[in-house]
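Enquirer: structure, please.
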Amino acid sequence: MKTIGIIGGMGPMATVDLMQKIILATDAREDQEHIHLLIDNNTDIPDRTAAILGQGTSPVPELLKSADRLTAQGADFLIMGCNTAHFFLPLMMPFLKIPFISMIEATAEFCQQQGLKKVGLLASAGTCHSGIYQRALHYAGIETIQPDEAQETAIHDMIYTGVKAGRDYYDTTQVRKVLADMTAAGAEAFILGCTEMPLAISQYQLEGNFLDATQILAEKAAAAAGAKVISRLPAGKAVLSTEISTY
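Expert: Okay, here's the model as predicted:
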């Protein structure tokens, strides 16, 4: 099987979540049937949202350092669990020496296969403002219901003040209202467009029709590596392509 290189550290627990989902998605009976994973948990990568909003340092140099380290160690292709970091992928691509599977493109592909027409985007302010999901979903013929400013603030606060800060308890009243309002606006499902969002859903026991972008990426990467995949995604639709896209 191929070796997967994970550009991690954005944040560390989200990196563990992606790794665990790849392992659990692999139909293996013994250690030797699992995928070789290389992880660069690079916590020196600057905050992606701050960079997008013009309030911080570009993460591209550190992202490329991680990519180079993983390539040198023998990775066959690269992935990264941070949704927001995909905004910088076009700047990275000319310098990458091996293919890269985009979480954003994989998620848009999955939504299209599910026959969805309108989806809500639950993400950090950086991801929402970057337009990365909106463009990919539009290309797939899907309308994005994006949080307004107050809704975006509520989601962003849960990500940073709740999950990233390691708080076991967080008052999700405002986030639950966001989910209800976006559902009323026509959202058929919600893309968890931040790697901390799946953790928040579980940790704070939120309810809804959620599409875990990390799970989608994990299963696509496992299939691309050559593993037999145990899918935890909604059943009854087409399986994600095993082709390794290069963005």
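Enquirer: centre of the chain to stretch 33-43, how far?
Expert: 16 Å (C-alpha atoms, centre = their mean, to the nearest Å).
Enquirer: just stretch 164-183 next, same as before
Expert: 19 Å.
Enquirer: need the residues that contact it.
Expert: For stretch 164-183, the surrounding residues in contact (C-beta atoms under 8 Å, 6 or more residues apart in numbering) are 11, 120, 122, 145, 147, 151, 154-155, 157-158, 161-163, 190, 196, 200, 203-204, 206-208. The way it works is simple: take the backbone N, C-alpha and C, and place the C-beta from them, glycine included.
Enquirer: which of these fall within helices?
Expert: 151, 154-155, 157, 200, 203 (DSSP state H).
Enquirer: out of the contacts of stretch 164-183, which are buried?
Expert: Using 16 or more other C-beta atoms under 10 Å as the burial test, the contacts of stretch 164-183 include 11, 120, 122, 145, 147, 151, 154-155, 158, 162-163, 190, 196, 200, 203-204, 206, 208 as buried.
Enquirer: and the closest residue to residue 7 other than its chain neighbours, backbone torsions?
Expert: In this structure, residue 7 finds its nearest non-sequential neighbour in residue 80, 3.9 Å apart by C-beta to C-beta, 6 or more residues apart in numbering. Backbone dihedrals for residue 80, given as degrees, to the nearest 10, come out at phi -140, psi 140.
Enquirer: okay, now residue 80: neighbour count?
Expert: By other C-beta atoms under 10 Å, 31 other residues sit near residue 80.
Enquirer: could you point out which element follows the helix or strand of the chain with the lowest mean pLDDT?
Expert: Of all helical and strand segments in the chain, the minimum by mean pLDDT, DSSP states H and E falls on helix 125-130, at a mean of 85. For helix 125-130, the following helix or strand on the C-terminal side (DSSP states H and E) is helix 132-139.
Enquirer: now that following helix: mean pLDDT?
Expert: Helix 132-139 carries an average pLDDT of 96.
Enquirer: could you number the chain from 48 rather than 1 from now on?
Expert: Sounds good: first residue 48 from here, last item helix 179-186.
Enquirer: alright, calling it a day.
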